[in-house]
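Engineer: predicted model follows, preceded by the sequence.
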Amino acid sequence: MVLHPESVRRGSQPYDLMRPGRIDYFQALAMQQQRVETLINQGGPNLLILLEHPPVYTVGRSGKPGEVLGLGAGCSSIPVIPTDRGGRVTYHGPGQLVAYVIRDLRPDTGRVLDHVRRLEELVLRTLADFGIQGSRERINPGVWVGQEKIAALGVRIRRGITYHGIAINRDPDLAHFSGIIPCGIMDRGVTSMARLGCRVTSEALEASLLSIFTEVFDASLTPCQEQ
């Protein structure tokens, strides 16, 4: 599904939009870090990246080695990658919609909490588009349906620029979450839109998220190629 530029331009804050498909985690991290450097040194538009990753476990700066269990079918072969985002351990893989938001928060770096709340609002409203009522929690970042997490959230701030973002479980292999303690929380599970009975294509989910993103972030999106 190709969205015409005029169909995703709405707000006053300029964002480039990249949709590279399924790419390696390190490649996506390099794309983010490159835009962070550009914003720090030159300014310019923010960046939204929508993609999927091959199966990977990522360990944030608060993660602990014991949170990667490697149990369950196929889990032991999934690579484990330390990363620079906040938070603990999570899984990425096919069937997730990952949205990385590279955004200049300066000069008011106190807007970090506001940024996190906007990310959660983006997920909540996108899920609501498909009849799923999610919730947020004060202590545990991300979005939940009942006692199960449906979307993970993690960010990093570098010199006033935020990057990383969210991962919505559309229809991933939930068995792969058995190889970790997701976000370091032992007594709660993980769910997906498909498990809740909502079978939605990746194209439809992306289209909904893009429309809502322009509202939540007051964004004007301009599709562009990889950096």
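Structural biologist: Perfect, I can see it now. These numbers were taken from a predicted model, which means no experiment stands behind them.
Engineer: got the buried residues for the helix or strand where Val123 lies?
Structural biologist: For Val123, the host element (DSSP states H and E) is helix 112-128. Using 16 or more other Cβ atoms under 10 Å as the test for burial, helix 112-128 gives His115, Val116, Arg118, Leu119, Glu120, Glu121, Leu122, Val123, Leu124, Arg125, Thr126, Leu127. (Each C-beta comes from the backbone N, C-alpha and C, glycine too.)
Engineer: so for the chain, the centremost residue is which one?
Structural biologist: For the chain, Ile166 is the residue whose C-alpha lies nearest the centre (Cα atoms, centre = their mean; 1.9 Å).
Engineer: kindly check the end-to-end length of stretch 76-90 for me.
Structural biologist: Its start and end residues considered, stretch 76-90 measures 15 Å (Cα to Cα, to the nearest Å).
Engineer: sorry, back to before: can you name the two of the buried residues of helix 112-128 that sit furthest apart?
Structural biologist: Maximum pairwise distance among these (Cβ to Cβ): 19.2 Å, between His115 and Leu127.
Engineer: would Ala204 count as being in a strand?
Structural biologist: No: per DSSP: H, G, I helix; E, B strand; the rest coil, Ala204 lies outside any strand segment and is helix.
Engineer: mind listing the helices in this protein by residue range?
Structural biologist: Secondary structure of the chain (DSSP state H): helices located at 25-41, 112-128, 202-216.
Engineer: so which of these is nearest Arg103?
Structural biologist: helix 112-128 (6.7 Å).
Engineer: pLDDT on that closest one, on average?
Structural biologist: Mean pLDDT, helix 112-128: 96.
Engineer: could you give the angle of it to helix 202-216?
Structural biologist: 140 degrees (axes from the mean of the first three to the mean of the last three Cα atoms, to 10 degrees).
Engineer: packing partners of helix 112-128?
Structural biologist: Contact partners of helix 112-128 among helices and strands, from 3 or more Cβ pairs under 8 Å, 6 or more residues apart in numbering; DSSP states H and E: strand 96-104, strand 143-145, strand 148-158, strand 161-169, helix 202-216.
Engineer: closest to Ser178 out of the helices of the chain?
Structural biologist: helix 25-41 (19.9 Å).
Engineer: rewinding a little: just the CA coordinates for the helix holding Val123, please, in CSV.
Structural biologist: Output of helix 112-128 as CSV, limited to C-alpha atoms (Å, rounded to 0.1, in the frame of the first residue of the first chain):
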residue,chain,number,x,y,z
VAL,A,112,10.4,14.0,27.9
LEU,A,113,7.4,12.7,29.9
ASP,A,114,5.1,14.5,27.5
HIS,A,115,6.8,12.6,24.7
VAL,A,116,6.3,9.3,26.4
ARG,A,117,2.6,10.1,27.0
ARG,A,118,2.2,11.0,23.3
LEU,A,119,3.7,7.7,22.2
GLU,A,120,1.3,5.9,24.5
GLU,A,121,-1.6,8.0,23.2
LEU,A,122,-0.6,7.1,19.7
VAL,A,123,-0.9,3.4,20.5
LEU,A,124,-4.1,3.7,22.4
ARG,A,125,-5.9,5.6,19.6
THR,A,126,-4.5,3.3,17.0
LEU,A,127,-5.8,0.2,18.8
ALA,A,128,-9.1,1.9,19.4
